[in-house]
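K.L.:
sequence and predicted structure are below.
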Amino acid sequence: MATPNFGTVIRNVRLPCAEHSETSAWDIACLGGRVQSITSSGSCIPHDEATVIEAGGGVLVPSLCHSHIHLDKCFILGQCDPLITGSLPEALQVTNKAKAKFPKDVDNLYARATYLIRESVESGVTAMRAFVEVDTTVGFTCLDMGLQLAKEWAEVCHIQIVAFAQEALHEFAASTEPGPNYNLLCDAVSRPGVSVVGSAPWVEPDRAHALKNIELILSLAEKHSLHADFHLDYNLDPDVAPMVWDVLQQMRERSWCKSSGKCVTIGHATRLGLFSDGEWAELKRATEVLPLEIVALPQSDIYMMGRADLSGKVTVPLAGRTINAPQVYRDHGVRVALSVNNVENAFTPQGSLDPLTLASLGVALFQVGTEPDWRLLLRSVSTTSKEAIGIMHGGDTSGESADEGDGIVPRVGDPADFVVVHGACRWQSAVLSPGFDRTTFYKGNVVARRRAQRWNANMSGEIDH
């Protein structure tokens, strides 16, 4: 017999509402994985058997989401040859060498991925799209690991597994048919638990093969009813035609529509940062009909893109190396998610697993000092990221206040997936200086609590050893 669920009440939280004073506190009652009521603090009378969580005036925001993260390639920098140039070709080279050892040390692969998930959940993540590679080097080793962890963490975090072809699907420039990497991918996507099929068309020998790569991936997605996800338009060359238009054209030809429930997502997409107003308007019109989503990866993009040319001249400013999510939405109405991508590997040596640090980075990187832009950054690592992986759908905000309709303030009936940032007195602090102490809620249940142990020499008592 199932254990009765009397729900959860989160007491004394502050909400990211501009229309309420910063001192306003609220109680959020959750039942059956959704918000049941939102009342002024102290007015909610819970069932005697309900779980009551005292938030202490912390700020409650939507739970966070990794809309693009590599589960198998995290924390491998120490297993790679030393970096000499830090370039993209070098990153591919040293990572491929390290990757060849994955099947020989599955325990290490599993431990690194587990650490990534645990740290992410404790920071407030309750959903992630996790890329695991399938090719002739690793076979199904990474996929098996990803599927196993997705099961183990299912009650704590929604993990979408991407069967991902980082390597070319065609062996040679002269190939007219896909090779063994494609054959392995075909086997992988038929496995239960795989939600997404993805690739990096830019690694193919030429543009013609890259276009064929896109066609093959979309065909697999259609055949197996999967989402599709491309590492695409990963360049800053104005002379290279963006391939997003080719993806959209293939989606039209396949009559791919939003009602299918399956989206096509493009990650990196740095070339879109060079779009004219007219190109953004065209993309906006297309995405109103076709389920195409965009995920920018600032920590990776600003590290890898826009490097100095042979003369030492830097041709692209720092902020231009990744998509300016607040500006693109403000000027063109196109939402762009932000995600972590990689941590401590040759593609992204630096950075944190905490998506809120991306929002903080965006304030300086994009030089945005207004609350509406801060809200966009907060949304980009939470609600927008969930939309980008197809687990939430943006609603029509007509007739609603900006706060109520921007997907940041909870409403009755919403999924009860939150993170409470303790020590923050107002929602702005969750973006500008997010604290370490947090409580994560998934489906209305507490799934993680993180607290810092504090001591300094000006405090009474001795440090614990």
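P.N.:
Everything's here; your move. Residues are numbered from 1 along each chain as shown.
K.L.:
how about the helices in this protein?
P.N.:
Ranges of helices within the chain are 88-99, 106-123, 141-152, 180-188, 207-224, 244-253, 277-287, 298-304, 325-332, 355-365, 371-380, 383-388, 402-405, 427-432, based on DSSP state H.
K.L.:
which of the ones you listed is buried the deepest?
P.N.:
helix 383-388 (a mean of 27; mean count of other Cβ atoms under 10 Å). All C-beta atoms are positioned from the backbone trio N, CA, C, and that covers glycine.
K.L.:
just checking, what packs against that one?
P.N.:
With contacts taken as 3 or more Cβ pairs under 8 Å, 6 or more residues apart in numbering; DSSP states H and E, helix 383-388 sits against strand 64-70, strand 292-296, strand 337-338.
K.L.:
got a markdown table for the helices of the chain, with mean pLDDT and distance to residue 460 too?
P.N.:
A markdown table is the format used below for these (pLDDT from 0 to 100; distance: least, Cβ to Cβ, whole Å):
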| stretch | mean pLDDT | distance to residue 460 |
| --- | --- | --- |
| helix 88-99 | 93 | 48 |
| helix 106-123 | 98 | 29 |
| helix 141-152 | 98 | 43 |
| helix 180-188 | 98 | 58 |
| helix 207-224 | 97 | 61 |
| helix 244-253 | 98 | 60 |
| helix 277-287 | 98 | 59 |
| helix 298-304 | 95 | 40 |
| helix 325-332 | 97 | 45 |
| helix 355-365 | 97 | 32 |
| helix 371-380 | 97 | 38 |
| helix 383-388 | 97 | 44 |
| helix 402-405 | 51 | 43 |
| helix 427-432 | 96 | 28 |
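K.L.:
in a markdown table, list the ones you listed along with distance to residue 412.
P.N.:
Converted to a markdown table, those look like this (distance: least, Cβ to Cβ, whole Å):
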| stretch | distance to residue 412 |
| --- | --- |
| helix 88-99 | 47 |
| helix 106-123 | 26 |
| helix 141-152 | 30 |
| helix 180-188 | 41 |
| helix 207-224 | 35 |
| helix 244-253 | 35 |
| helix 277-287 | 29 |
| helix 298-304 | 34 |
| helix 325-332 | 26 |
| helix 355-365 | 26 |
| helix 371-380 | 20 |
| helix 383-388 | 17 |
| helix 402-405 | 11 |
| helix 427-432 | 19 |
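K.L.:
which one, of these, ends up nearest to residue 462?
P.N.:
The closest of the helices of the chain to residue 462 is helix 106-123. By Cβ to Cβ, the value is 27.4 Å.
K.L.:
and that closest one with helix 141-152, angle?
P.N.:
40 degrees (axes from the mean of the first three to the mean of the last three Cα atoms, to 10 degrees).
K.L.:
could the C-alpha coordinates of helix 106-123 be exported in CSV?
P.N.:
Provided in CSV are the C-alpha atoms of helix 106-123 (Å, rounded to 0.1, in the frame of the first residue of the first chain):
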residue,chain,number,x,y,z
VAL,A,106,34.3,2.7,-15.5
ASP,A,107,34.5,3.4,-11.8
ASN,A,108,36.1,6.7,-12.4
LEU,A,109,33.6,7.6,-15.1
TYR,A,110,30.7,6.7,-12.8
ALA,A,111,32.3,8.6,-9.8
ARG,A,112,32.9,11.8,-11.8
ALA,A,113,29.3,11.8,-13.2
THR,A,114,27.8,11.1,-9.8
TYR,A,115,29.8,14.0,-8.3
LEU,A,116,28.5,16.3,-11.1
ILE,A,117,24.9,15.3,-10.4
ARG,A,118,25.2,15.6,-6.6
GLU,A,119,26.8,19.0,-6.7
SER,A,120,24.3,20.2,-9.2
VAL,A,121,21.2,19.1,-7.2
GLU,A,122,22.6,20.6,-4.0
SER,A,123,23.0,23.9,-5.9
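K.L.:
could you count how many residues lie near residue 276?
P.N.:
8 (other Cβ atoms under 10 Å).
K.L.:
could we number from 41 for the rest of this?
P.N.:
Shifting the count to begin at 41 puts that one at residue 316.
K.L.:
got a pLDDT number for it?
P.N.:
At residue 316, the model reports a pLDDT of 97.
K.L.:
kindly report the same for residue 346.
P.N.:
Listed pLDDT for residue 346 reads 89.
K.L.:
so it touches residue 362, yeah?
P.N.:
No: the criterion here is Cβ atoms under 8 Å, and residue 346 misses it with residue 362 at 9.3 Å.
K.L.:
more crowded one of those two?
P.N.:
Legend: neighbour count by other Cβ under 10 Å for residue 346 and residue 362, higher for residue 362 (29 against 19).
K.L.:
which ones are touching that one?
P.N.:
310, 313, 336, 337, 338, 341, 342, 345, 405 (Cβ atoms under 8 Å, 6 or more residues apart in numbering).
K.L.:
check the fourth one and give its pLDDT.
P.N.:
Same thing as residue 337. Reported pLDDT for residue 337: 98.
K.L.:
burial count for it?
P.N.:
Residue 337 has 29 neighbours, counted by other Cβ under 10 Å.
K.L.:
which one is it nearest to, not counting chain neighbours?
P.N.:
Residue nearest to residue 337 in three dimensions, not counting chain neighbours: residue 381, with 4.0 Å by Cβ to Cβ, 6 or more residues apart in numbering.
K.L.:
from what I see, that neighbour and residue 108 are in contact.
P.N.:
Yes: Residue 381 lies in contact with residue 108 (Cβ under 8 Å); the separation is 5.5 Å.
K.L.:
quickly list what the residue nearest to residue 337 is bridged to.
P.N.:
For residue 381, the beta-bridge partners are residue 109 (DSSP bridges).
K.L.:
quick one: it and residue 271, what's the gap?
P.N.:
Relative to residue 271, residue 381 is positioned 10 Å away (Cβ to Cβ, to the nearest Å).
K.L.:
same check on residue 375?
P.N.:
With Cβ to Cβ as the criterion, residue 375 and residue 271 are 19 Å apart.
K.L.:
ok, now residue 87?
P.N.:
Separation of residue 87 from residue 271 (Cβ to Cβ) stands at 48 Å.
K.L.:
the more surrounded of those two?
P.N.:
Using other Cβ under 10 Å as the criterion, residue 87 and residue 271 rank with residue 271 on top: 23 against 14.
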